[in-house]
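Q: Can you look at this prediction? I've put the sequence above it.
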Amino acid sequence: MKHSPGEQLRDLMTLVRLPNLMVVALTMMLMRYAIIRPLLGAMPVTLAGEPMLSTVMTFRLGWIDFVILVISTCLITAAGYVINDYFDIRADLINRGSIIVGNTITRRKAMMYHNILNILGVAGGTYVSARVGYVWLGVFFVLISGLLWFYSGTYKRQFLIGNIVVALLVAMVPMLVVVYDAGPIYRYYSHAATDFPGVAILFWWVGGFALFAFLTTLIREIIKDMEDFEGDRETGRKTLPVKSGFTICRVVVVVLTLMTILLLYFVWFRYLNDRITLIYISLLLALPMAVVIYRVITAGEKQHLHFASRLMKLVMLFGILYSLVAGAIITSGNIL
């Protein structure tokens, strides 16, 4: 059956998970402009040769280069989605009853899209790496591309390894921003300023978001494995539900979710201790995660697990959007 160009374009956007790519771009933008920029503004320095003049640190990576970094990350992420569906045809037919690769988009075209997206993504990442003066950082884009391939072809079928790999890759998205911004900032101000405070605080703040991304992604991936149990069992995948059963999965999800909630409140109590953050955590993060726990424990149908998975995705989005609140608090001078 021949499909129209419009149908193929629509399915290509579905294949690369366009909404997810938009979240990746949003995450990187918020880390830079809602977290890193306010932190830089809160740490004035004195430039050498101007001892009486205090100035605010600014980005040393131009906005065009940053946009290229964001696009490159999205391209490699899109390539990962394509190759995932390429290897998942049989499992997706069982779990979802429909596929794109092998239907509206041939396997040959899918592989072509994967290669093009990867080449462009790695090239863009290497270019930005050279622009910041650390061309070797481009190797990370090659490694990420390789990890996505091996995840889809091998790691996804292995006990817990696939879940951990995906969680690590998601956590790397915010960390890419601080790595590419902190390097040039350190190189310039460590020589230009007499009282340069360093860049460790940038890594601590963004690292907090990365840890939250890792934990919530790991939880969601296990829930998705529970949802996809039938297809994974039929295709011989050794996922946690297939190897250990649903009871163990429920225990793991509950423990990880409770640990994430407790960690949020610990960070609030130890470092923030403001009312706005407490309300935000309680209503938009802890409460939905409590619902996820309830839904996973009581799930009797696949739809219940699908609901828990979607709700966990919403929690991840709210976690990213907290950066706007944090940025406002940092700018106000209440915390650093």
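A: Structure's in. What do you need?
Q: tell me the contacts of T55?
A: P44, V45, T46, L47 (Cβ atoms under 8 Å, 6 or more residues apart in numbering). Yep, even glycine has a C-beta here, placed from its N, CA and C like the rest.
Q: That one and I36: what is the separation?
A: 17 Å (Cβ to Cβ, to the nearest Å).
Q: before we move on, what about E227?
A: 36 Å.
Q: I99 contacts Y86, doesn't it?
A: No: the criterion here is Cβ atoms under 8 Å, and I99 misses it with Y86 at 10.2 Å.
Q: Between the two, tell me which one has more neighbours.
A: More crowded of I99 and Y86, by other Cβ atoms under 10 Å: Y86, with 21 against 18.
Q: so that one touches K109, yeah?
A: No: Y86 sits out of contact with K109 when judged by Cβ under 8 Å, with a separation of 10.3 Å.
Q: show me where pLDDT drops low in the stretch 51-200 of the chain?
A: Along the stretch 51-200 of the chain, segments meeting pLDDT under 70 span 51-52, 97.
Q: all helices in it, in order from the N-terminus.
A: 63-87, 89-95, 107-131, 138-153, 161-192, 200-227 (DSSP state H, counting those that start in this stretch).
Q: Identify all contacting residues around the second one.
A: Contacts to helix 89-95, defined as Cβ under 8 Å, 6+ apart, come from residues 85, 98-99, 101-102, 107, 227-228, 230-232, 234-235, 237.
Q: can you list those in a markdown table and add distance to Y134?
A: Formatted as a markdown table, those follow (distance: Cβ to Cβ, whole Å):
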| residue | distance to Y134 |
| --- | --- |
| D85 | 33 |
| S98 | 44 |
| I99 | 41 |
| V101 | 36 |
| G102 | 41 |
| R107 | 37 |
| E227 | 41 |
| D228 | 39 |
| E230 | 46 |
| G231 | 42 |
| D232 | 40 |
| E234 | 46 |
| T235 | 41 |
| R237 | 38 |
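Q: Tell me the one of the residues you listed nearest L137?
A: D85 (28.9 Å; Cβ to Cβ).
Q: Report the contact partners of that closest one.
A: Here D85 is in contact with L15, D92, I99, I100, V101, A110 (Cβ under 8 Å, 6+ apart).
Q: In this structure the fourth one contacts L15, no?
A: Yes: in this structure, I100 sits in contact with L15. The criterion is Cβ under 8 Å, and the distance is 5.1 Å.
Q: Which residue of those two possesses the greater neighbour count?
A: The residue with more neighbours, out of I100 and L15, is L15; 23 against 19, by other Cβ under 10 Å.
Q: Let me know whether that one touches N103 as I believe.
A: No: if you go by Cβ under 8 Å, L15 and N103 don't touch, sitting 10.6 Å apart.
Q: Just flag the most distant two among the contacts of D85.
A: D92 and A110 (12.7 Å).
Q: still on that earlier bit, pull out the buried residues from the contacts of T55.
A: V45, T46 (16 or more other Cβ atoms under 10 Å).
Q: so which pair among the contacts of T55 is furthest apart in space?
A: Spatially, the most separated pair among the contacts of T55 is P44 and L47, at 10.3 Å (Cβ to Cβ).
Q: Local confidence estimate at R10?
A: R10 carries a pLDDT value of 85.
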